[in-house]
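1. Okay, here's the prediction I keep looking at, along with the sequence it came from:
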Amino acid sequence: MLVTAMAGALWIGTRKGAFVLRSDARRRSWKLAGPQFLGHIVHHIVQDPREPRRLLMAAKTGHLGPTIYWSDNRGRSWQEAKSPPAFRRAAAGEPPRAVARTFWLSPGHPSETGTWYAGTAPAGLFRSKDGGEHWVPVAGFNDHPMRPQWAPGNGTPDGEFLHSILVDPRDAAHLYLGISIGGVFESTDGGADWAPLNEGVAADFLPSADTPFGHDPHCVVLHPARPDRLYQQNHCGLYRLDRPARRWLRIGDAMPRRIGDIGFPVTAHPRDPDTVWVFPMDGSKVWPRTCIGGRPAVYCTRDAGRSWHRLDAGLPRSQAWFTVLRQAMCADQAERAGVYFGTTGGELWASADEGRRWRCLARQLPEIYSVSYAA
Amino acid sequence: MPLSAAEQARYSRHLLLEQIGNAGQERLRAARVLVVGAGGLGSPAAMYLAAAGIGTLGLLDFDRVELSNLQRQLLFDSSQVGELKATVGRARLLALNPLIEVISHAVELTAANASELISPYDLVVDGSDRLAIRYLVNDSCVIFGKMLVSAAIHRFEGQAMSYVPGKGPCYRCLFPHAADDLVPNCAEAGVLGVLPGVMGTIQATEAIKLLLGIGEPLLGRLLTYDALEMRYREFGFARRTDCAVCGDKPSISRPGQDALSAAPVTALQLRDLLRQAAAEGEAGPLLIDVREPREFSVGHLHNARNIPLGELAQRLPELTGDRAVVFICRSGRRSAAAGSMALRAGMQHAANLEGGMLAWAETIDPQLTVAPG
Amino acid sequence: MPLVVRIPGPLRSYTHGAGTVRATGHTLAEVLEDLDRQFPGIRFRFIDEQQRIRPHMRIFVNQDQACQLDHGLRDTDQVHVLCALSGG
C-alpha cells in the first residue's frame, strides 16, 4: 500500500517502561507521551497489522513473573493477558523450564486474525489465537527432540532467547525463527517440525565451519516485498538468503573494511526488496558494541548488499557512543520511508527520507530496548 | 580495663540497666562492628552504635553525599554534598562520640577484598542497597564466622534478620537465589525517608543485643515492618541443609564464588577469585582454555588447561569433580559454546570468561599476548 | 470460611491496592487458586509454570515458611506472600 504520509506512532520499549511518540501526518512534529508501566521492563511493543487498534506488549517487573499486556484502543489503555506464555509442566526426570521473559512478539499470518507468536528466554515458542489473551506452547519446537541441542540453555539470565519469528505472507504454515547461539530454523508445517537453516553463516566461535546449528543470529527479517528473500544480521556478519536456496550469502563482505558487518538490527524497506538498513557496531577485541570510532552511522544497501552507503547526516560527528539493540530500529510505510532507531543511551533518532538526514526526537529516555512503528 | 570517668558519665544510662552495667559496656567497648553502606540504613545504625560506645566502628561506603540523600541519611548535612561519605561520616561519628575509634573504608566491597575488610570485625551491619552486595556480605559472614544484622527497605516496607554462626539460618536459607539485579533500588523507586531510620535503628538494637548476649535476637526470624499500616510482623525460617553457603555441603566456600554458577564471569571477577584462592592456598576454579593448541601456546592464563573445543565433547568426563570450571577462549564465543555444551551434558557449574583472553588482556594484563583468531 | 491472605506491595495492583484479602481453601494450592479467581493473573506473578515459588518470593503460613503448595491450612491460618526487598 503506497502511502504518501500518515500520522503514526513509534512505540518505545525501555528498561523502565513504555513510551510513545505520536506524529502529525507529515511526520514533522512529534509528541512524546508516557511512561506507561513505569518501572516495568518493556521488551517489545507491536501493533497488529490486521487490526490496527490492537497492540501487544511484553513486559517484566522486578521479581514478578513475566507477562503480556494488550490494548485495543491504540495503546491508550492496557489489559493483562489471562495466560501469559508458560512452558508445560515438566515430566518426571525432565529439567523444568520457566519463562524468564517474553522477548519477542510477532503477529501471525494476515489470514489468521488474532494469531500471534511469542519468543522467550529460555528459548521457547508460543502461540496465541485470541489476540494475545491466552498463550500455549508450540510443542513442535519446545518439545522437538533436537531442541536441547539447538537451545540447551536452562534459564541463565540473558542467556539464550528466541527472536525474529517470521511468518511467510503467502503461507501461514511457513515460519522462521532465530535463537541466540542456536541459529535460524524453519518450519513448513505450522511449527510442528523444524529444521536448521544456517549454511554459509560463519560462527567463528565454533570449532567447525560446517556445524548445522549453534550460530548466533542477532536479527532476521523476511522482506515484506519479496518473501523469498531473508536478510540476517548475525554476530559474525551480515547475510542474505534467496529461497529456495539454503546457503546464506555474506553481503557484509561488501561493507567498508574499517566498518565491518557486525551489528544488532537489520530493517527492511517497506517496498524495495533490495533495500535494507543496518547499524554497524564495533565487534572488535572485547566487543564494545558501540558505533565505530564514536561516529554513529546507519548503512544502507539498495542493491541487495552488493554495495553499501553511509548515512549519517545530522548524527553526531564524534564522541557519540551509540548502541542500538536488535529490536530498536524500524521503518514506516510512507512513500519516502521513515527510518527510526533508539539507543541504549535513551535517544530516539528519526529520518523522514530513507536515512539521508537524521534528527533526534527524544533524549534522556531510559535504556531503549525496542522501537516499532504503528500506523 | 575498667571504664574511665568520662565513659561512666557518657554511658550512665546504659550502666543503670541491669542487662548492661559496667561489664556490658566494657563488652561494647571491646567490640568491633563494620557498617556496610553509609546510606539510609547505615546512617542511623552507625550513629546509634557510636552513641552506644562500640569501641571500633568501621564505616564502608565508596559513594559521595548527594542532595537527595539528605531526605533520610542523617549522618550528613547540607554542607557536605559532594564529600566522601566514609570520610565525613567518620568525622560526624567522632564528633558524636570521641571516645571510640572509627575507621573509614571508602572502597567498594568486592569478592576480592571481602576477607581483608570483614575479618577484623566481630559483627557486620548490612545497610547495602544492592542484592549482589547483600549476598556477598551474607556469604562472607558465614564463611568468616561473623555475626550479621541484615535489613532492607523498599518504599514503605522494611525487613530485618540476624545471623550468628552456627546458631541459625543465614539470608540464603530464606532467599537462596541471587537473580539479576532488576529490582529497583531507592534511587529509582522512591522510599519514605524515615523508613530506613526505623530499620537502621532496629539493626543497631540487634547488634547491641548480640554483642551483649541479651534478649532474643532475630535468629531464624524475619521481621517485617509496614510503615503505612504501622504494623510489625514476624516470620520464622529454618536453616536449609542444602543452603549453598551454610548448608551441609556448601558450594560457596569463598565470597563471590556464586558468580561461577551463572554462565559468564568477567575478567575482574575471575581475577578476584583466583587471587583469593591463591591467598588461601586452595586450588580455585579449573580453567579450561578451549582454543587450538597453537593459540594456547602463544599466551594463556597461568594454570589453564588446554582442551580444544572440538575435543571437549569427548573429554567432558575429565572435568567432573568438585572444582567449578571456567571456560576460556579468545573472545568469549567459543567458551560460551563450551559452557552450553557442558550444561547440556549435565554439569552444574560451567562458567565462561566474558570477552575471553582479549578482555583479560584489556582489563587485567596488557602484557599478555593473545593469538589472533 | 475464607482465610486472610497478605499481599506484598508489588502485587497490590491486582487487588485494587488492598494489602489484606481473603481466599478459601484447605491447602495453599487451593487458596492460591481462589486468589487467582478473584484477582486474575496474580498467581503466575509469584508461582511459575512448574508450580515453583519464584526466586525472591516467599510464602509463610502464620509465621512458618511454606515451601510446598499442598501445605494444609486451617480456617484460622494466615497466608503471607512476601517479596524480598533490597533497598538500603
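-> Everything's here; your move.

2. got a list of what residue 356 touches?
-> Reading this off chain A. A:R356 makes contacts with A:311, A:313, as judged by CB atoms under 8 Å, 6 or more residues apart in numbering or on different chains. To be clear about C-beta, it is placed using only N, CA and C from the backbone, and glycine gets the same treatment.

3. Please refer instead to chain B.
-> With CB under 8 Å, 6+ apart, B:G356 has these contacts: B:328-335.

4. which of those residues has the most neighbours?
-> Within these, B:S335 tops the neighbour count with 30 neighbours, counted by other CB atoms under 10 Å in any protein chain shown.

5. That residue and chain C: what is the separation?
-> 26 Å (CB to the nearest CB, to the nearest Å).

6. list the helices and strands the helix or strand containing that residue packs on?
-> Using DSSP states H and E, B:S335 sits within helix B:333-344. Secondary-structure packing of helix B:333-344 (3 or more CB pairs under 8 Å, 6 or more residues apart in numbering or on different chains; DSSP states H and E): helix B:309-315, strand B:325-328, strand B:350-353, helix B:356-363.

7. Out of the contacts of B:G356, which one has the lowest pLDDT?
-> Minimum pLDDT for the contacts of B:G356 is recorded at B:R333 (76).

8. That residue contacts A:A202, correct?
-> No - using CB atoms under 8 Å as the test, B:R333 is too far from A:A202 to be in contact (10.8 Å).

9. For the stretch 251-375 of chain A, just list every one of the strands.
-> A:263-268, A:276-280, A:298-301, A:309-311, A:329-331, A:339-342, A:348-351, A:359-362, A:368-374 (DSSP state E, counting those that start in this stretch).

10. where in the stretch 151-300 of chain B is pLDDT low?
-> Scanning the stretch 151-300 of chain B for pLDDT under 70 picks out the ranges B:177-190, B:259-263.

11. which residues of it fall in strands?
-> Ranges of strands within the stretch 151-300 of chain B are B:157-163, B:221-226, B:231-236, B:264-265, B:286-289, based on DSSP E, counting those that start in this stretch.

12. Let me have the ones you listed in JSON lines, adding distance to A:A195 as columns.
-> As requested, the strands of the stretch 151-300 of chain B are exported to JSON lines (distance: least, CB to CB, whole Å):
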{"stretch": "strand B:157-163", "distance to A:A195": "51"}
{"stretch": "strand B:221-226", "distance to A:A195": "51"}
{"stretch": "strand B:231-236", "distance to A:A195": "52"}
{"stretch": "strand B:264-265", "distance to A:A195": "30"}
{"stretch": "strand B:286-289", "distance to A:A195": "32"}
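
13. Can you tell me which of the ones you listed is most buried?
-> strand B:157-163 (a mean of 26; mean count of other CB atoms under 10 Å in any protein chain shown).

14. Only C-alpha atoms, please: export that strand in CSV.
-> The C-alpha trace of strand B:157-163 is given here as CSV (Å, rounded to 0.1, in the frame of the first residue of the first chain):
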residue,chain,number,x,y,z
GLU,B,157,8.2,-1.7,53.8
GLY,B,158,11.2,-3.0,55.7
GLN,B,159,12.7,-6.4,56.5
ALA,B,160,15.3,-7.4,59.0
MET,B,161,17.0,-10.5,60.3
SER,B,162,20.1,-11.5,62.3
TYR,B,163,22.6,-14.3,61.9
